[in-house]
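S.K.: Structure of the sequence below:
(chains A and B)
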Amino acid sequence: MKPRVRFAPSPTGYLHVGGARTALFNWLFARHTGGIHVLRIEDTDRERSTPEHTRIILDGLTWLGISWDEGPYFQGDYAVRHQTDAERLLAAGKAYRCFCTREELDAQRAQAERSGLGFRYDRRCYRLSQSEVEARVRSGTLSTIRFLLQDEEIAWDDAVHGRISFQGRDLDDFVILRSDNSSIYNLAVVSDDIDMRITHVIRGDDHISNTPKQIALYRALGYEPPVFAHVPMILGPDGKKLSKRHGATAVGEYQEQGILPAAMRNFLALLGWSPGGDREIMSEAEMVDLFTLEGIQKKAAVFDTTKLEWMNGQYLTALPADDLLEPVRRQLARMGVAEARDLIPLIDAVKARSRTILHVAEQVSVRLDPSRSRLDAKGEALAQKLGASFSGNLSLALEGLEQLEPAEWKPDRILEVVRGVAESRNLKLGDLMQPIRVALTGSTVSEPVNELLVVVGRDTSIRRLRETAQRTSGGVGAA
RNA sequence: GGCGCUAUCGUCUAGGGGACUAGGACGGGGCCCUCUCAAGGCCCAAACACGGGUUCGAAUCCCGUUAGCGCUACCA
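M.R.: Take a look at the predicted model:
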């Protein structure tokens, strides 16, 4: 039988990196086993669920390259089945009506807390006589349906943790149907997972304590529970559950920061999963091939953005510029930069020394700007640091460069010429190259200057260098 | 408080009784390359939480302690 897995987010917020990782594991497992990946939106919390959040979650998954074979299904569409299942349990004596109000329950809880004991529902409504229950229902008293939990051991063989067991007596007779006939999470999930014939439930660690309740529900409903695989949580740098105060937690934020989906996916896969050995950078196909539930870590993992950026840098250098064209274009558009010409050579020139698309776009825009002849504050400061020779050396290099015909404007030729000038003047190559770099980019960091000159173009380069040399000839800062 | 889960370098991890003077990666430090910065190559510092067992032998198995985290709703 084909495995069937599901990713089941609630549309009450953005797609969180933890959720994205859970989705990734489900998808990887489905692909690896030839199974089906179902997407189910758990929108039963009407108060907090919005279509906007649903859209963001779908977009985030798509951006990451995580697809689904069925759905999205919306849990809210199955309210009738949930109710029917609850009533079936009630009719079978496996659940009972509870007339306790929220206020009464709160009081009982507070009472239990005062006496230092953990609260557990005392089953007072279970002890009501049949006629009493009927009388209250007839009188219109609101009631919930509670599941009657047997006092027995409930255990399962978790695919990542091994055997986990709970005692029924430590669990509560939990509510499965609210007084407005809407289902509580635990019932809705089990009812849907049965209906959708889910074989493997791969979800966050925080659901471990829900699992015995759900297993009891499966059995009471007459079904065998699926395989459970509880994946570890993702933590912030301080070891606490990852949250807003740790910075970016939504997948969309990383997209905006210029992280590549392939890098994000690779990084997320390695957070709590390892193929064994030293494998780190993996293609989608390799990850699918290597993925197993056994390779999932038991321990929670800290989300390390520094390593994410390193990995993104790896993808940036390895990917052909063509693959980067669209994201760079989007970023340039966001920055309000007009792309006057073919961006491929520009991207090629800078991608190896960039960690994000943002970073690539910034450098591209500097090289793209034909009017950038005046040094900005930073460039000015750098020029000053190079000292009085800045303008003179710039002019020297310029004399050589101006000799070059447009057809000769190639990295090898440029290097040859500049090197010739340097040797004839007894200067080091860097004495001539660095002023050019600063003049053209306003920075001491760039690709090799001969390549930079080609990327910027002969005419623009010469014009800009000439203007900068003139402006600073009376001493740096004189202009 | 109760119940549950977890525990290898700062971080992500390899390891599943002898192959461990514990390997890789990020980050840090150094060197090489070099017109700068990356990339790349080489090197260094850095960990088995603690205590008991089991065993000829334990990072690996068992028990306890400690610590961290999760759950403990008519939320999901």
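S.K.: the helices in the stretch 101-250 of chain A, which residues?
M.R.: A:102-114, A:130-138, A:185-195, A:211-221 (DSSP state H, counting those that start in this stretch).
S.K.: just for the stretch 301-450 of chain A, where's the confidence low?
M.R.: In the predicted model of the stretch 301-450 of chain A, residues A:370-380, A:383-387 satisfy pLDDT under 70.
S.K.: can you give me the helices in it?
M.R.: In chain order, the stretch 301-450 of chain A shows helices spanning A:305-318, A:321-335, A:344-350, A:357-368, A:377-386, A:389-402, A:411-424, A:429-441, A:449-456, with DSSP H, counting those that start in this stretch as the criterion.
S.K.: Could you dump those helices into JSON lines with mean neighbour count and distance to RNA strand B added?
M.R.: C-beta coordinates here come from the backbone N, C-alpha and C atoms, glycine included. What follows is those, written out as JSON lines (neighbours: other Cβ atoms under 10 Å; distance: least, Cβ to the nearest atom of the strand, whole Å):
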{"stretch": "helix A:305-318", "mean neighbour count": "18", "distance to RNA strand B": "4"}
{"stretch": "helix A:321-335", "mean neighbour count": "16", "distance to RNA strand B": "15"}
{"stretch": "helix A:344-350", "mean neighbour count": "20", "distance to RNA strand B": "9"}
{"stretch": "helix A:357-368", "mean neighbour count": "22", "distance to RNA strand B": "10"}
{"stretch": "helix A:377-386", "mean neighbour count": "16", "distance to RNA strand B": "10"}
{"stretch": "helix A:389-402", "mean neighbour count": "20", "distance to RNA strand B": "11"}
{"stretch": "helix A:411-424", "mean neighbour count": "16", "distance to RNA strand B": "6"}
{"stretch": "helix A:429-441", "mean neighbour count": "22", "distance to RNA strand B": "3"}
{"stretch": "helix A:449-456", "mean neighbour count": "22", "distance to RNA strand B": "4"}
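S.K.: Go through the helices of the stretch 101-250 of chain A and name the closest to residue A:58.
M.R.: Set against residue A:58 and scored by Cβ to Cβ, these come closest in helix A:185-195, at 18.4 Å.
S.K.: Flag every buried residue along that closest one.
M.R.: Residues A:185, A:186, A:187, A:188, A:189, A:190, A:191, A:192, A:193, A:194 are the ones in helix A:185-195 that count as buried (16 or more other Cβ atoms under 10 Å).
S.K.: Output the helices of the stretch 301-450 of chain A in a markdown table, with distance to residue A:171 appended to each entry.
M.R.: Converted to a markdown table, the helices of the stretch 301-450 of chain A look like this (distance: least, Cβ to Cβ, whole Å):
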| stretch | distance to residue A:171 |
| --- | --- |
| helix A:305-318 | 39 |
| helix A:321-335 | 49 |
| helix A:344-350 | 58 |
| helix A:357-368 | 49 |
| helix A:377-386 | 63 |
| helix A:389-402 | 76 |
| helix A:411-424 | 72 |
| helix A:429-441 | 65 |
| helix A:449-456 | 67 |
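S.K.: got the residues of the stretch 201-350 of chain A near RNA strand B?
M.R.: Neighbours of RNA strand B within the stretch 201-350 of chain A, by Cβ under 7 Å from any atom of the strand: A:205-210, A:232-233, A:235, A:239-241, A:270-274, A:276-278, A:280, A:294-295, A:297-302, A:304, A:306-307, A:310, A:313-314, A:317.
S.K.: So which of these are in strands?
M.R.: A:235, A:301, A:302 (DSSP state E).
S.K.: Report the buried members of the residues you listed.
M.R.: Neighbour-count burial (16+ other Cβ under 10 Å) applied to those gives A:235, A:301.
S.K.: Any chance of a markdown table for the ones in strands among the residues of the stretch 201-350 of chain A next to RNA strand B, columns distance to residue A:399?
M.R.: As requested, these are arranged in a markdown table below (distance: Cβ to Cβ, whole Å):
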| residue | distance to residue A:399 |
| --- | --- |
| A:235 | 60 |
| A:301 | 58 |
| A:302 | 56 |
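S.K.: Name the nearest of the ones in strands among the residues of the stretch 201-350 of chain A next to RNA strand B relative to residue A:65.
M.R.: For residue A:65, the closest of these turns out to be residue A:301, at 21.3 Å, with distances computed as Cβ to Cβ.
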